[in-house]
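J.: Pasted the sequence and its predicted model underneath.
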Amino acid sequence: MKSKIIGAAIFLIIVVMAVVMFGSGNRKETITIKGYIGGEKTGFFDDEAVQEILLKRYGIIVDYTKAGSVEMVRYNDYGDNDFLFPSSQMALEIFKREQGELMLKSEQVFNSPIVIYSWGEVAEALEAEGYITKENGTYFITDFERLIQDIENEKSWSDIGMNLYGKINIICTDPNKSNSGNMYLGLLSNMLNNVAVTEDADVDEIGPRAKSIIERLGYMDYSSGNLFASYIEKGMGNGPLVVGYENQLVEFALENPDIWDKVRDRVAILYPEPTIWSEHTVIALSDNGRLLIEALQDEELQKLAWENHGFRIGLVTTERDSEIIQTVGIPENIDQVMPLPTADVMETLMKIIAQ
Amino acid sequence: MIRLAIAVDKKGLSVKRIKEWDQQFINDEGTTKMKKNFIILLLVGIIFLLSGCSSNETLTIISGSENETLEPILKDFERETGIHVEMQYKGSVDMMMEMQTDAINQYDAVWPANSLWISIGDTSHKIEHASSIMTSPIVFGVRKSLAEALNLVDKDVSIHDLLELIEGDKLRFMMTSATQSNSGACAYIGFLNALLGNPDTISLKDLENEQLKRDVTSLLSGINRSSGSSGWLKQLFLEGDYDAMVNYEALVIEANQELVNSGKEPLYAIYPYDGLAVADSPLGYVNNGDADKEEAFLELQAYLLSDKVQAEILALGRRTGFGGTVSEADERVFNPEWGIDANKTISGIRMPDAEVISQALLMYQTEFKKPSLTVYCLDYSGSMQGEGETSLKEAMRLILDQETASQYLLQSTPKDMTIVVPFNQENIDVWVVEGNNSSEMNELIGKIDHLDPGGGTDIYTAAMYAIDFIQSLDYEAYIPAVVLMTDGKSNDGRSFRDFEAYYEEKAMDVPVFSILFGKASEDQLKEIEQLTRSRIFDGKDDLISAFKKARGYN
């Protein structure tokens, strides 16, 4: 009897070992790749379909930490992190200049234009004042320059007939931490510079004017993801005009079709004319980081990035294009785009803001 | 085999495979029935162990006390999933301070009232998957007849209007501590903004404005009782006889439900148009690198955000959904008679820069709030000998040594009064320090250290003496409190009945807190807690919160 028990125990151990081996033995070795990403990309990496392709085709599990794009390229110590995934070329430029020796490779993988999130009532008031125009169901800020001038001149919401407290302003993330705020700073400066790209010679005049507009915002979040969440959750009173990426609302609409049906008419996306493209770029710090760059160029992942998360991806077009464009109410093409000031000018502007 | 099927749900593939192996084994081997049963039994045992890893998962959440109302929902979640949720309560600003240190690692999730505090506190980006569960604006809840008398009903009210009433002594209100809780902090920032004449945002320079300092000090003197978190404030409000409180719309609804049930007058909610803020109650995961916990967390979050549970949360007076407003809300909950308007757009001030917020909070504590008048009654009876005595003396060093105290923002201000009454079966002595002079404080520490415990215990005589002492001073100018530091075994002299009669006769509304040391017994202290609407703290775990509480940081 005793030997039977021992026999059974040994058998059990074998069973358990076999299960353990069987359970993990049928796929190639998986690698966990660690890195920092901008908050607007958490939805993409949390998507199960994305995770499955990364794991099955590339053996990759991505372990990300959310951080501001401008903040993440200025850390002193990257520990065992394999990659950074900021949201602009600008962040890449800063990284290249300050810690370029750490970079093995970089690649731009997604695009999204900077937009201003708003609400139906606010959009109607702005339209009545002639700042914005509706074309084919999309709002364009056709007189962006005048809107910025009026913000600079401290026009109130009540001046344009809105029952909202305080002065008109556009809320953005901290330009010294997060990319969307940073790009807005560039765009704002260009507007203040009579719709011309701000250059070295303009900074002394434009910088302090931009600062006086931005400092009126008080607390600014470090993450575009957080700012978007608070726009959508706290409502119009808390954020009548909020800077974000186009993909954030597209992602929200695609992920929550039921809610979207109910709120479509309440929210509004305003496209500044001109706007600026945010170019989401992976910076590889290790060979594993390079592997991620390779994986993210996978055609199917690119398709998911667009179809589920609203990142515009360039060449790949999909059958769902028109459906997405119509459901969410976004323009097919973004035509009026202007470049950001150069990295040097941006850095000067950022320093002025931070003073 | 039924157990196996259950386990498959919980543990996924690997268990299923055990099941296949198990059957294969039974078919192939054709061994004796006994051996078969034995192995199945063992397998079942192992599966129990394996599945135990996930179904016994516990999530410890540090949360604002306003979420206490949601506990029945968390119990349902536990029944459905086997994931145990343990809630610990604290104010959101306290939570923000914990996020700045390693102290946050002891929790699996944070659930403050406002995402602002995660943004400011989470400098090392440990908080992930944060998502708002519900929203609720901060309002002024004023006794309805008083609100009518003060002409606050059915009109647009500004913070400034309320300030005038407070300054004219027509309105006294309760609010949570600005340095501990979101609602108190937002209200305080709203007051600063209004007193500064509503600038776009408050700057560091604004805070140096002498007129502002005088105005805030006088304003805060109108606060009659306060607490460290919004849920507790509601409790305190219901236990006492107060006129108004600053709290979330949701908690004014809760308070009103209780008030109406007990035949009392409800509160009328006022939404000042130039102020206050919206709580968005984000639930975020603390990433300590435990994948099972993370999975359990995401399950909880998805559960709370499911349509069914969101409807339950809405029925509890929280706004759900999107955009911060609810159309067609149940008017029995969002009752227009109480001034509640769930469809109202809340337009508020912008919070100032993080640096300004920190500075404003520091000034609240050190300059603006009423000075504290604290009587510490220290138990030197024989039963305190050993561990109790040692921890009591250490605790007093922490609060009196100004350098140590300042690490916890607990340092005294020049206007504070510190009184120490050592006692056993009688009061042994009384030592008083006015202000925050370090050498006087150190001298006091020396006296406390030199005294040895012995004799019986009479906590009531000591507490009565403390109340007397407070009465002998101009106590309305202070935040008065008695702190009993004891093992709670009163066995000599006066009884609770004596104390009760005395306390009721005085009617001074002074809380008598207890901090427990040694092999403590709470029974007698619970009576005091109830009578004086205070709290009992553990001398090991809650020392800092106990001192904050007693010193009127809340």
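T.: Perfect, I can see it now.

J.: And the helices in the stretch 51-200 of chain A?
T.: All helices of the stretch 51-200 of chain A, identified by DSSP state H, counting those that start in this stretch, fall at A:69-72, A:89-99, A:120-128, A:144-152, A:179-192.

J.: closest to B:S391 out of the ones you listed?
T.: With C-beta to C-beta as the measure, helix A:69-72 is the member of those nearest B:S391 (42.5 Å). For the C-beta atoms, the positions are set from N, CA and C on the backbone; glycine is no exception.

J.: residues in contact with that closest one?
T.: A:36, A:38, A:84, A:86-88, A:90-91, A:94, A:175-179, A:182, A:222, A:350 (C-beta atoms under 8 Å, 6 or more residues apart in numbering or on different chains).

J.: pLDDT weak spots in chain B?
T.: B:1-55, B:224-225, B:275, B:552-554 (pLDDT under 70).

J.: show me the contacts for whichever residue of it sits closest to chain A.
T.: Going by C-beta to the nearest C-beta, chain A is nearest to B:G324 of chain B, at 2.8 Å. For B:G324, the contact set (C-beta under 8 Å, 6+ apart) comprises A:E233, A:K234, A:G235, A:M236, A:G237, A:N238, B:T135, B:P137, B:V278, B:T345, B:I346.

J.: Could you do A:Y165 as well?
T.: A:W157, A:G237, B:Y273, B:D274, B:S347, B:G348, B:I349.

J.: As TSV, these with distance to B:A244 and secondary structure would be great.
T.: Converted to TSV, the contacts of A:Y165 look like this (distance: C-beta to C-beta, whole Å; DSSP: H, G, I helix; E, B strand; the rest coil):
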residue	distance to B:A244	secondary structure
A:W157	29	coil
A:G237	23	coil
B:Y273	18	coil
B:D274	18	coil
B:S347	22	coil
B:G348	19	coil
B:I349	20	coil
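
J.: Out of those residues, which comes closest to A:E199?
T.: Checking the contacts of A:Y165 one by one against A:E199 (C-beta to C-beta), the nearest turns out to be A:W157, at 33.6 Å.

J.: confidence score at the closest one?
T.: Turning to A:W157, the model gives it a pLDDT of 94.

J.: Phi and psi next, for it.
T.: phi -60, psi -40 (degrees, to the nearest 10).

J.: From chain B, how far off is it?
T.: Applying C-beta to the nearest C-beta, to the nearest Å, the value for A:W157 to chain B is 8 Å.

J.: Tell me how many other residues surround that residue.
T.: Counted with other C-beta atoms under 10 Å in any protein chain shown, the neighbours of A:W157 add up to 19.

J.: Which residue is the nearest non-sequential neighbour of it?
T.: With sequence-adjacent residues excluded and distances taken as C-beta to C-beta, 6 or more residues apart in numbering or on different chains, A:W157 is closest to A:L164, at 3.9 Å.

J.: Please look at the one you found and B:I349 and confirm they touch.
T.: No. Using C-beta atoms under 8 Å, A:L164 makes no contact with B:I349, being 11.8 Å away.

J.: Among the two, which residue is more densely surrounded?
T.: B:I349 (25 against 21).

J.: Now do the SS call for the residue nearest to the more buried one when sequence neighbours are not counted.
T.: Beyond its immediate neighbours in the sequence, the residue positioned closest to B:I349 (C-beta to C-beta, 6+ apart) is B:N193, lying 5.0 Å away. Under DSSP: H, G, I helix; E, B strand; the rest coil, B:N193 falls in the helix class.

J.: Am I right that B:N193 is in contact with B:I202?
T.: Yes. Between B:N193 and B:I202 there is a contact at 6.0 Å, judged by C-beta under 8 Å.

J.: isn't B:D416 right next to B:N436, touching?
T.: Yes. Shown here, B:D416 and B:N436 form a contact pair, counting by C-beta under 8 Å, at 6.4 Å.

J.: still on that earlier bit, quick one, what contacts the residue nearest to B:I349?
T.: Contact analysis of B:N193 by C-beta under 8 Å, 6+ apart lists B:I159, B:P199, B:I202, B:D274, B:G275, B:I349.

J.: Now the residues you listed in TSV, please, with extra columns for distance to A:D344.
T.: Formatted as TSV, the contacts of B:N193 follow (distance: C-beta to C-beta, whole Å):
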residue	distance to A:D344
B:I159	44
B:P199	33
B:I202	33
B:D274	41
B:G275	42
B:I349	36
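
J.: Quick check on the residues you listed: which are buried?
T.: For these, a burial check counting by 16 or more other C-beta atoms under 10 Å in any protein chain shown picks out B:I159, B:I202, B:D274, B:G275, B:I349.

J.: Tell me the one of these nearest A:P341?
T.: Closest to A:P341 out of these is B:I202 (30.3 Å), distances taken as C-beta to C-beta.

J.: Kindly tell me how buried residue 261 is, as a neighbour count.
T.: In the absence of a named chain, chain A is used. Residues near A:D261, counting by other C-beta under 10 Å, number 11.

J.: try chain B instead
T.: Residues within reach of B:N261, counting by other C-beta under 10 Å, total 8.

J.: just A:I141 next, same as before
T.: Other residues lying near A:I141 total 24 when counted by other C-beta under 10 Å.

J.: tell me the contacts of it?
T.: Counting by C-beta under 8 Å, 6+ apart, the residues that A:I141 touches are A:I116, A:L126, A:Y131, A:I132, A:L147, A:L270, A:Y271, A:P272, A:E273.

J.: can you pull up the bridge partners for it?
T.: A:P272 (DSSP bridges).

J.: Now the closest residue to B:L283 other than its chain neighbours. Its backbone dihedrals?
T.: Leaving aside its chain neighbours, B:L283 sits nearest to B:W111 (4.8 Å; criterion: C-beta to C-beta, 6+ apart). Here the main-chain torsion angles of B:W111 (degrees, to the nearest 10) amount to phi -140, psi 70.

J.: how many neighbours does B:W111 have?
T.: Using other C-beta under 10 Å, B:W111 is surrounded by 25 other residues.

J.: Who does it form a beta bridge with?
T.: Residues in a beta bridge with B:W111, per DSSP bridges, are B:S63.

J.: Report the contact partners of it.
T.: Each residue near B:W111 by C-beta under 8 Å, 6+ apart is listed here: B:I61, B:I62, B:S63, B:G64, B:N67, B:I133, B:S281, B:P282, B:L283, B:G284.

J.: from those, which two are the most distant?
T.: B:I62 and B:I133 (14.8 Å).

J.: the more surrounded of those two?
T.: Set B:I62 next to B:I133 and count neighbours by other C-beta under 10 Å: B:I62 wins out with 24 against 20.

J.: before we move on, the earlier item: mind putting the helices of the stretch 51-200 of chain A into a markdown table with mean neighbour count and mean pLDDT?
T.: Output for the helices of the stretch 51-200 of chain A, formatted as a markdown table (neighbours: other C-beta atoms under 10 Å in any protein chain shown; pLDDT from 0 to 100):
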| stretch | mean neighbour count | mean pLDDT |
| --- | --- | --- |
| helix A:69-72 | 27 | 89 |
| helix A:89-99 | 20 | 90 |
| helix A:120-128 | 18 | 96 |
| helix A:144-152 | 19 | 97 |
| helix A:179-192 | 27 | 95 |
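
J.: would CSV of these with distance to B:T101 be doable?
T.: Converted to CSV, these look like this (distance: least, C-beta to C-beta, whole Å):
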stretch, distance to B:T101
helix A:69-72, 20
helix A:89-99, 28
helix A:120-128, 41
helix A:144-152, 39
helix A:179-192, 27
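
J.: re earlier: quick check: strands, which of the contacts of helix A:69-72 are part of them?
T.: Mapping the contacts of helix A:69-72 onto strands (DSSP state E) picks out A:Y36, A:L84.

J.: filter the contacts of helix A:69-72 down to the ones close to chain B.
T.: Counting by C-beta under 8 Å from any C-beta of the partner chain, A:Y222 from the contacts of helix A:69-72 sit close to chain B.
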